[in-house]
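J.: fold the following and give me the result.
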Amino acid sequence: MNRIMTVISLSDSGIETIKSNPELPRKEMEFVNQWKQENILESFFISVTKKDAVLIFQNVDEARTKELIEILPYFPYMAKIEYHNLNKQF
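T.: All right, here's what the predicted structure looks like:
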């Protein structure tokens with residue numbers, strides 16, 4: 001079973017912007033919850049510092065995963081995005 005693991009790090013200035021605008025996290029989570037309901041987001045992890053996140057996508061390819069990430073409200077504040085194609089073993 002193929003998966004796309006997306007590892008995201010926010011910029012320091014981005015974190016400050018997000019913290020100062022409570023509407024941004026709410027909008028971000030609307031996308032995450034929608035993807036979970038659509039069965040394209042298998043797992044979502046966020047670091048304790050809230051600067052880093054890992055999203056595991058399923059039933060979509062890497063190109064579609066990139067499109068999804070680019071529509072997120074946090075996208076302008078992302079300093080680093082990595083995409084890893086994985087085969088789920090168990």
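J.: point out where the protein drops to low pLDDT.
T.: The model of the chain has pLDDT under 70 over residues 1.
J.: Val7 versus the residue lying closest to Phe75 once chain neighbours are set aside, what's the distance?
T.: Distance criterion C-beta to C-beta, 6 or more residues apart in numbering; nearest residue to Phe75, sequence neighbours excluded, is Ile69 at 6.5 Å. Where C-beta positions appear, they are placed from N, C-alpha and C, glycine not excepted. Note on Ile69: its distance to Val7, by C-beta to C-beta, to the nearest Å, is 11 Å.
J.: who touches the longest helix seen in the chain?
T.: For the chain, the helix that runs over the most residues, judged by DSSP state H, is helix 23-37. Contact with helix 23-37 is made by Thr17, Ile18, Leu41, Phe44, Leu55, Phe57, Leu68, Ile71, Leu72, Pro73, Tyr74, as judged by C-beta atoms under 8 Å, 6 or more residues apart in numbering.
J.: that helix: which residues count as buried?
T.: Across helix 23-37, burial judged by 16 or more other C-beta atoms under 10 Å covers Leu24, Glu28, Phe31, Trp35.
J.: now do stretch 13-21
T.: Applying 16+ other C-beta under 10 Å to stretch 13-21 flags Gly14, Ile15, Ile18 as buried.
J.: please, which helix or strand holds the residue positioned nearest the centre of the chain?
T.: Residue closest to the average C-alpha location in the chain (C-alpha atoms, centre = their mean): Leu55, at 5.0 Å. Assessed by DSSP states H and E, Leu55 sits inside strand 52-57.
J.: rewinding a little: the buried residues of stretch 13-21 in helices, which ones?
T.: Among these, the members that lie in helices (by DSSP H) are Gly14, Ile15, Ile18.
J.: among those residues, which one lies nearest to Glu62?
T.: In terms of C-beta to C-beta, no member of these lies closer to Glu62 than Gly14, at 23.6 Å.
J.: contacting residues around that closest one?
T.: Taking C-beta under 8 Å, 6+ apart as the test, what Gly14 contacts is Tyr74, Pro76, Tyr77, Met78, Ala79.
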